[in-house]
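> Any chance you could fold what I've pasted below:
(2 chains)
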Amino acid sequence: MTTTSVLVVGASLGGLTVVEALRREGFSGSVTLLGAERHLPYDRPPLSKRVLLSAMEPSQTQLRPQSTLDQLHAELVLSDPAVCLDASRHEVKTASGRVLAADVIVLATGLVPRKLSGQDGLSGVYVLRTLDDALALKSALVPGKKLVVVGDGVLGTEIAATACSLGLAVTLVGPQSLPMRSQLGPLVGSCLGTLHSLRGVNLRLGTGVASLRSDSSVVTGVCLQSGEELSADLVVVAMGSLPATDWLAGSGLQIADGVVCDSRLRAAPNIYAVGDVARFSHEKLGSLVRLENRTNAVEQGLCVAANILGTDTPYLPVPYFWTDQFDVKIQVHGFVSADAEAVVVEGDPASGPFVVLYGSHGKVTGLCGWNAVRQIRQHRAHVMDGTAWQTIREQFPTK
Amino acid sequence: MRVIVDYPKCCGAGQCVMVAPKVFDQRDDGMVILLDETPPPELHRAVREAAIVCPGAAIRLEERAG
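Model prediction:
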């Protein structure tokens, strides 16, 4: 079948990348990009950092100027969330009642933040996913206020660092023993905990939140599972997110922590998924993987566009993400798990820039750089090639 | 092709340097250094890839047809 029309559901980076790649490769059929939000496609990573710090105007997060979008000759439908997919008829219904049909449909609806029970309807409680979320939170980050951040992952720790820099009294709460332990392992997690403590973030780790406290529908604090109570003027809930798949119930697609896809990011014939919502079969790992980072959205968008055009390309990423916290940039290539072995191959974690390689099942699987942007480049090949872990151990015997 | 870097948007990932090392370099703090504002045709493909994968969306290209 020749593809004459493509509908992309989700007008963020992953969806936009599909459209741009299709046009770049010469696809001349009709393209529709459907978005739930009112904004033109924008970039999310700055939202928790430079937008909150007022170092970047919200308008600067827009991914492409209007003139560039116009050149895509795509129909851009905004402020109209998809509510239902008929996978056999290749039709999507939207909240406003539109019915959009296409030969190929790409699902790129992203994530919905997890919430605490009782959070809705309470003022002073924030999540951060969208530009509008960021603008609401930004106006609430007034120096001197008491902020509790619930969540010790990338987003929670970034928001804690940003708010602390802005002069709020910040407490970071989370179930892990160290911030970002599951993403960075204990060695780097420990450095991050020390950084936050030294800069004045109050850490309450190893305990979750039992409930929110409020008075007249205004949040006043949180009760921890440890029994401790923390008072707060505002609370940010950053406990992770869930793939935005509610609208796919009854579609016939397999939904299990995301849209389940094959190694070509295909969920069903001529239906693909990209970005945070896609849980794909990784041919080399032999397991289903779902990645929540910006690089993944771009690389999956490129892969899906190629597959729509008939190249039959498997998606085999070496993931990359970064986080900026205070004056530290942490960069991670590859796969890192908390129980992987870790070896410092450059610098000293006690005193400044350093690079750590991670090994698992006899091979190098990932690396992490701490303020080591130039240094990590020379070690990245070990991750790409899956260098034997023993080689690294012999080269860098641990003291 | 003309390469335009929006420096305040650079997040220091170094993806551009890995893809097109003849056109981009990095300072020690990660900020991009543009080595060649008008790269020769044989580098255009790599530069386009650098612009696509840039995590800060900081690289813009002006391309003329022909």
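
> quick one: the residue of chain A found nearest chain B from residue A:380, how far?
Closest approach of chain A to chain B (CB to the nearest CB) occurs at residue A:373, with a separation of 3.5 Å. To be clear about C-beta, it is placed using only N, CA and C from the backbone, and glycine gets the same treatment. Per CB to CB, to the nearest Å, residue A:373 is found 12 Å from residue A:380.

> These two: who's more crowded?
residue A:373 (22 against 19; other CB atoms under 10 Å in any protein chain shown).

> Would you double-check that that one falls in a strand?
No: assessed with DSSP: H, G, I helix; E, B strand; the rest coil, residue A:373 is coil; it does not lie in a strand.

> Residue A:331 is in contact with that one, correct?
Yes: Residue A:373 is within contact range of residue A:331, at 6.7 Å (criterion: CB atoms under 8 Å).

> Are there residues contacting both of those two? Which ones?
B:13, B:14 (CB atoms under 8 Å, 6 or more residues apart in numbering or on different chains).

> Helices along the stretch 151-300 of chain A, start to end?
A:154-165, A:181-199, A:294-308 (DSSP state H, counting those that start in this stretch).

> could I get those as TSV with distance to chain B?
Below are the helices of the stretch 151-300 of chain A laid out as TSV (distance: least, CB to the nearest CB, whole Å):
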stretch	distance to chain B
helix A:154-165	12
helix A:181-199	17
helix A:294-308	5
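
> Rebuild these as TSV, extending it with mean pLDDT and mean neighbour count.
Below are the helices of the stretch 151-300 of chain A laid out as TSV (pLDDT from 0 to 100; neighbours: other CB atoms under 10 Å in any protein chain shown):
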stretch	mean pLDDT	mean neighbour count
helix A:154-165	98	25
helix A:181-199	97	19
helix A:294-308	97	24
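
> Make a markdown table from the ones you listed and add distance to residue A:119 to it.
As requested, the helices of the stretch 151-300 of chain A are exported to a markdown table (distance: least, CB to CB, whole Å):
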| stretch | distance to residue A:119 |
| --- | --- |
| helix A:154-165 | 15 |
| helix A:181-199 | 23 |
| helix A:294-308 | 26 |
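
> before we move on, the earlier item: chain neighbours aside, what residue packs nearest to the residue of chain A closest to chain B?
Excluding the flanking residues, the one nearest residue A:373 by CB to CB, 6 or more residues apart in numbering or on different chains is residue B:30, at 3.5 Å.

> ok, now which ones touch the one you found?
If you count contacts by CB under 8 Å, 6+ apart, residue B:30 has them with A:329, A:373, A:374, B:10, B:11, B:12, B:13, B:14.

> pretty sure residue A:312 is touching residue A:264, no?
Yes: using CB under 8 Å, residue A:312 makes contact with residue A:264 at a distance of 6.7 Å.

> Give me the more crowded residue out of the two.
Higher neighbour count among residue A:312 and residue A:264: residue A:264, with 18 against 7, using other CB under 10 Å.

> ok, the nearest residue to that one once chain neighbours are set aside to residue A:319 distance?
Excluding the flanking residues, the one nearest residue A:264 by CB to CB, 6+ apart is residue A:307, at 5.1 Å. To residue A:319, residue A:307 is 19 Å away according to CB to CB.

> can you check residue B:15 too?
Distance from residue B:15 to residue A:319, by CB to CB: 13 Å.

> what's the overlap in contacts for these two?
residue A:295.

> The two - which one has more neighbours?
The residue with more neighbours, out of residue B:15 and residue A:319, is residue B:15; 22 against 18, by other CB under 10 Å.

> And for that one, nearest residue in space, chain neighbours not counted?
Going by CB to CB, 6+ apart, residue B:15 has residue B:53 as its nearest residue, at 4.9 Å.

> thought residue A:18 was touching residue A:303?
No: using CB under 8 Å, residue A:18 makes no contact with residue A:303, being 9.4 Å away.

> anything in contact with each of the two?
Joint contacts of residue A:18 and residue A:303 (CB under 8 Å, 6+ apart) are residue A:274.

> burial measure for the nearest residue to residue A:330 once chain neighbours are set aside, as a count.
Of all residues not flanking residue A:330 in the chain, residue A:323 sits nearest, at 5.1 Å (CB to CB, 6+ apart). Residues lying near residue A:323 (other CB under 10 Å) number 22.

> Would you mind giving the secondary structure of residue A:323?
strand.

> residue contacts, it?
A:154, A:157, A:158, A:180, A:329, A:330.

> How about residue A:261?
With contact taken as CB under 8 Å, 6+ apart, residue A:261 is in contact with A:267, A:272, A:273, A:278, A:279, A:280, A:281.

> Ok, residue A:285 next?
Here residue A:285 is in contact with residue A:335 (CB under 8 Å, 6+ apart).
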